[in-house]
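*Asks:* I need the structure of the sequence given here:
(one chain, ligands or ions: 2)
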Amino acid sequence: MAAVAGNLGAVAGASLNSNVLVKLDGGSVSSSAFLGRKLATGGSIKANVKHQGVVGKRRGVVAYVAPSTTEKSVNEPKKAAGGIAEGQKGGQCFGVFCVTYDLKEGERPKTWRKTVRIAVSGAAGMIANHLLFKLASGEVFGQDQPIALNLLGSERSRDALEGVAMELEDSLFPLLREVNIGIEPEEVFADADWALLIGAKPRGPGMERADLLDLNGQIFANQGKALNKVASPDVKVLVVGNPCNTNALIALKNAPRLNPRNFHALTRLDENRAKCQLALKAGVFYDNVSNMTIWGNHSTTQVPDFLNAKIHGARVVDVIQDEKWLKEEFTPRVQKRGGALIQKWGRSSAASTAVSIADAIKSLITPTPEGDWFSSGVYTNGNPYGIAEDIIYSMPCRSAGDGSWELVTDCEINDYLRERMKKSEDELLAEKKCVAHLIGQENGYCDLPEGDTMLPGEL
Ligand SMILES: NC(=O)C1=CN([C@@H]2O[C@H](COP(=O)(O)OP(=O)(O)OC[C@H]3O[C@@H](n4cnc5c(N)ncnc54)[C@H](OP(=O)(O)O)[C@@H]3O)[C@@H](O)[C@H]2O)C=CC1
Ligand SMILES: O=C([O-])CC(=O)C(=O)O
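*Replies:* Ligands and ions are numbered 1, 2, ... in the order given. Now for the predicted structure:
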């Protein structure tokens, strides 16, 4: 097999100068699109294809040179320093991952499952820089789960994206079977089983929140449309880029083919932050804190629910017995933890966010321990808590471990909680009105509550 890989290395390298389709190792050639392109399945290719360059077939069984629109049969791709062909709009396999191939019968560890394809946007950003290596190492999906990474960047981050791919190459992760990079969502999201939408525009100096909602909303509307077109019908979408609840709603609304229940906004970082603060106060290690719900928006109106949370299986309010602290210190500390960190670190949480993304995924692919739950921003339709329908709101969830989730329906809601949950709901409804034009609704207007709708990192 090494010889095959070596041959393909030469084919996929700069020396490619003929219009050939190279089929290696007897593997089957899928007819599905590779990052937006159809692969021919044999012979030389003379069809009209807009782009030229070297691409690698998914799972590496095929490398080919696509001819230009002029039916030239020979196209030598211009190679970029990082090892990918220049002049392509779409995603393409990167470097050594163009020569990765399906292991032959008998070579593939018997315990390995079917490759999972994970698309990541903002892949050249800080959070992704932590997350991608966790995914590739097997610590998220398991040591028996080969993965393919489709990384989405932009013109701005093209070089950086290659840098990320180079580091992934150099890490020699056995479970990482493919890395494809690109700047077109419709190409990068092709056949994705998971879409981790991290990239978003940060709020610049003097920028109105309404403008931020609109700018990011457009990114997520486009990405929702692309997912709708090309992702696996069962794709699980986790939106991290802020404002993540409303961005998730926008993506969902632009993807009518997909199940709304498969869209999540990341509030797991808030859950983890809350658990840590409760553990500190109670003088226990944080794995003794359970049943921690974050209700609402990933913003400073979020509600860390100390009423239903537990420490060592006992109610937090019975263990800590300091309601004033829970209301006046614990709650704002969790709500504003992101800002406190920025003040110390000079940048927003990236490593702990990546950990929380890993936790959020693991919570969906592992059965939730008996009696416990996790928080996720999910679609509100059918919720039993009286929260407005048709928004993305963080609530307590359980999973059977197959990627699906169900709501925990029996949390106690007292007046204190209800009032705060409503405030976060109102904030999300106001955000929704601001993006009406992006979710197919009319009569939108932007009138956000004064002082609210602050990200945890905005102080
Ligand atoms: N939900 C949560 O719990 C948390 C969410 N976040 C959010 O996650 C997101 C990513 O954070 P992080 O990785 O630290 O951010 P980075 O600044 O490192 O950027 C991530 C990516 O966003 C894209 N981006 C940056 N600037 C712009 C711009 N002006 N216009 C469009 N896209 C841009 C870039 O991707 P490219 O150039 O490739 O398009 C960049 O690589 C942010 O929105 C942040 O607020 C952060 C922490 C917690
Ligand atoms: O506000 C930000 O950009 C970072 C953020 O979401 C957090 O730290 O929770």
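*Asks:* rest of the way, CA atoms for contacts and neighbours
*Replies:* Fine.
*Asks:* what about the residue of the stretch 251-400 of the chain found nearest ligand 2, how many residues close to it?
*Replies:* Of all residues in the stretch 251-400 of the chain, G338 sits closest to ligand 2, at 3.3 Å by CA to the nearest ligand atom. By other CA atoms under 10 Å, 23 other residues sit near G338.
*Asks:* host element of it?
*Replies:* Assigned by DSSP states H and E, G338 falls within helix 337-345.
*Asks:* near ligand 1 at all, the helix or strand that that helix is followed by?
*Replies:* Under the assignment DSSP H and E, the closest C-terminal helix or strand after helix 337-345 is helix 351-365. Yes: Helix 351-365 is in contact with ligand 1 by CA under 6 Å from any ligand atom, via T353.
*Asks:* ok, and for helix 351-365, which residues are buried?
*Replies:* Under the neighbour-count criterion of 16 or more other CA atoms under 10 Å, helix 351-365 has 352-365 buried.
*Asks:* same question for stretch 216-232.
*Replies:* Here stretch 216-232 shows 216-232 as buried, counting by 16+ other CA under 10 Å.
*Asks:* sort out for me which of these are in helices.
*Replies:* Members of the buried residues of stretch 216-232 lying in helices (criterion: DSSP state H): 216-230.
*Asks:* who in this structure is up against ligand 1?
*Replies:* Counting by CA under 6 Å from any ligand atom, the chain sits next to ligand 1 at 122-128, 153-154, 156-157, 198-202, 240-242, 244, 266-267, 269, 348-350, 353.
*Asks:* near ligand 2 too, which of those residues?
*Replies:* Near ligand 2, by the rule CA under 6 Å from any ligand atom, you find S348, S349 out of those.
*Asks:* what number of residues lie near V334?
*Replies:* 26.
*Asks:* I meant to write E271 there.
*Replies:* With other CA under 10 Å as criterion, E271 counts 23.
*Asks:* host element of it?
*Replies:* Using DSSP H and E, E271 falls in helix 268-282.
*Asks:* can you tell me the closest non-neighbouring residue to the residue in the stretch 1-150 of the chain that ligand 2 sits nearest to?
*Replies:* Here the residue of the stretch 1-150 of the chain nearest ligand 2 is I127; by CA to the nearest ligand atom that distance is 10.4 Å. Using CA to CA, 6 or more residues apart in numbering and skipping the chain neighbours, the partner closest in space to I127 is A350 (4.4 Å).
*Asks:* contacting residues for the one you found?
*Replies:* Applying CA atoms under 8 Å, 6 or more residues apart in numbering, one finds that A350 lies in contact with M126, I127, H130.
*Asks:* filter the residues you listed to the buried ones?
*Replies:* Using 16+ other CA under 10 Å, the buried members of the contacts of A350 are M126, I127, H130.
*Asks:* which SS class is L196?
*Replies:* strand (DSSP: H, G, I helix; E, B strand; the rest coil).
*Asks:* quick one, strands of the stretch 151-300 of the chain?
*Replies:* Under the criterion DSSP state E, counting those that start in this stretch, the stretch 151-300 of the chain contains strands at 176-182, 194-197, 236-239, 263-265, 289-290, 293-295.
*Asks:* quick one: these as JSON lines, columns for distance to ligand 2, mean pLDDT and mean neighbour count too.
*Replies:* Converted to JSON lines, these look like this (distance: least, CA to the nearest ligand atom, whole Å; pLDDT from 0 to 100; neighbours: other CA atoms under 10 Å):
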{"stretch": "strand 176-182", "distance to ligand 2": "25", "mean pLDDT": "94", "mean neighbour count": "27"}
{"stretch": "strand 194-197", "distance to ligand 2": "13", "mean pLDDT": "98", "mean neighbour count": "25"}
{"stretch": "strand 236-239", "distance to ligand 2": "11", "mean pLDDT": "98", "mean neighbour count": "26"}
{"stretch": "strand 263-265", "distance to ligand 2": "11", "mean pLDDT": "98", "mean neighbour count": "27"}
{"stretch": "strand 289-290", "distance to ligand 2": "20", "mean pLDDT": "98", "mean neighbour count": "24"}
{"stretch": "strand 293-295", "distance to ligand 2": "12", "mean pLDDT": "98", "mean neighbour count": "29"}
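*Asks:* output the ones you listed as TSV; include the columns distance to C411.
*Replies:* Conversion of the strands of the stretch 151-300 of the chain to TSV gives the following (distance: least, CA to CA, whole Å):
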stretch	distance to C411
strand 176-182	40
strand 194-197	29
strand 236-239	24
strand 263-265	20
strand 289-290	13
strand 293-295	9
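*Asks:* closest one to Q343 among those?
*Replies:* With CA to CA as the criterion, Q343 lies closest to strand 293-295 of the strands of the stretch 151-300 of the chain, at 23.3 Å.
*Asks:* which strands or helices does the closest one pack on?
*Replies:* The contact analysis (3 or more CA pairs under 8 Å, 6 or more residues apart in numbering; DSSP states H and E) places strand 293-295 against helix 268-282, strand 303-305, strand 374-379, strand 392-398.
*Asks:* buried sites along the longest one?
*Replies:* For helix 268-282, burial by neighbour count (16+ other CA under 10 Å) applies to 268-279, 282.
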